[in-house]
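Trainee: Return atomic coordinates for the entry below.
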Amino acid sequence: MNKKSYLSDNLLTYLLKHIEGSPETKFYESDLRRISASGLSNLRKQKYLVFDQYDFEKESYFDKHGNERFVRKVNGRWIATSTDDPEISYLELKETDMNRYLFNVQPLLVEIKKINTLAKNIDAITSRVYFIGEKTVLQDSVGVFVAFLGDDEQAEAELLGLRAKIGKVDRVLILCPTYEIKSQDLLNKLAGQNIVCLTFEEAFTDKDFTVNFSKMQFDEGIGQTAPKLTTQQTADYTRHKYLCYDHLYIPGTSPMKRSNDLSVNGHAIKMPDASFRLLIELVVELKKGKGGWLTIYTEEGKYQIFDRLRRPIEGSLHDKNAKKFIENDGSKRYRISTHPDFVTYDRGNLLKHTDPEVRKLAKRLPLRRKYSTRI
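Mentor: All right, here's what the predicted structure looks like:
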């Protein structure tokens, strides 16, 4: 089941709203059929609804007006009479009036966890709050929860003490089917604990239950200030785990022999030809939008080429750590570890560069720097 079907599925919407009010709500088949017979069939197949046997000998029956009734089988018919007022007319019930279901939250939790590739195991924190997994987003660990909350009083009781019940994570995302916190004071208290609450409609993308983590409004990375990111950029950082937010501009000019112009975070620097060729090669790979990793073989102990590449740019980086910007995964793979959108260039100038290898690489650079990837 995806978000599109969720938004158009009146039955699931009905169920989730009632579960937010009371997780133990029991739903009668006749009521569910009136909303959507096909939806009832689908939810039963997907095990969202679990049959709950009604015991007429031990349990009372409540009609649609909330009146308690006494149920007995008379001449093959189910008859429900009022326990309070004999003047109230009896009801003749069908099997579907007594068949009832409990909502099973597990398929929903499993689906959200699977689609978002969350780590760790699903765990019920309370009867209303479920941990469904953890994900690294912009270098922060995010604990993801689904909560069924009916009002701000419940939200305060369930969420303010949540961090004491869970493992250490940098941030917490609470997903609520429809509930929105109204108290600004409570919102401020939760923000102070790095806890964000979003409705399903706010949190999920248009196509499925994929969480749009950019809605958490991450403002800072570790050790450096992050720019405001688009939804796609946030998804790319989550998938590819880029370490930096530095901006690199390559004008393609070389006013002096064997010296190339660069701009790193607005700072003008120079880079020699050999290092510049390697830089362009890394840019070509980064612009493919697949993580930017390039396998480069060097003789054992001869890694000076990377030192020469990192040295000119180090002082202009946000955290002065060029080994993060030119990242090595320990398996002879290297990349520029910032988002492809943050690396720009003048392709026309590069195509006219004096170095034939640079010209050859420039032909592989995209004319437009925008591309699309998905988690």
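
Trainee: Which phi and psi values does Gly315 adopt?
Mentor: According to degrees, to the nearest 10, the main-chain angles of Gly315 amount to phi -70, psi -20.

Trainee: give the contact list for it.
Mentor: In this structure, Gly315 makes contact with His267, judged by Cβ atoms under 8 Å, 6 or more residues apart in numbering. Glycine gets a C-beta too; all of them are placed from N, C-alpha and C.

Trainee: And what about Tyr297, helix, strand or coil?
Mentor: Using DSSP: H, G, I helix; E, B strand; the rest coil, the structure places Tyr297 in coil.

Trainee: Tell me the spacing between it and Arg333.
Mentor: Using Cβ to Cβ, to the nearest Å, Tyr297 is found at 10 Å from Arg333.

Trainee: ok, now Leu351?
Mentor: 28 Å.

Trainee: ok so, going back, please say which of Tyr297 and Arg333 ends up with more neighbours.
Mentor: Shown here are Tyr297 and Arg333; by other Cβ atoms under 10 Å, Arg333 has more neighbours (15 against 5).

Trainee: Find the nearest non-adjacent residue to the more buried one, please.
Mentor: Spatially, and ignoring its direct neighbours in sequence, Arg333 is nearest to Trp293 (4.6 Å; Cβ to Cβ, 6 or more residues apart in numbering).

Trainee: so that neighbour touches Ser331, yeah?
Mentor: No: taking contacts as Cβ atoms under 8 Å, Trp293 lies outside contact range of Ser331: 9.3 Å.

Trainee: So these two - more neighbours on which side?
Mentor: Set Trp293 next to Ser331 and count neighbours by other Cβ under 10 Å: Trp293 wins out with 19 against 8.

Trainee: which residues of the stretch 251-375 of the chain fall in helices?
Mentor: 273-286, 304-314, 322-325, 347-351, 356-362 (DSSP state H, counting those that start in this stretch).

Trainee: who does the shortest one touch, helix- and strand-wise?
Mentor: When you say that, I think you mean helix 322-325. helix 304-314 (3 or more Cβ pairs under 8 Å, 6 or more residues apart in numbering; DSSP states H and E).

Trainee: Show the low-confidence segments of the stretch 151-300 of the chain, by residue range.
Mentor: Under the criterion pLDDT under 70, the flagged ranges of the stretch 151-300 of the chain are 206-207, 217-227, 298-300.

Trainee: Go again with 50.
Mentor: In the predicted model of the stretch 151-300 of the chain, residues 219-225 satisfy pLDDT under 50.

Trainee: So for Leu11, which of the helices of the stretch 251-375 of the chain sits nearest?
Mentor: Among these, the nearest to Leu11 by Cβ to Cβ is helix 273-286 (46.4 Å).
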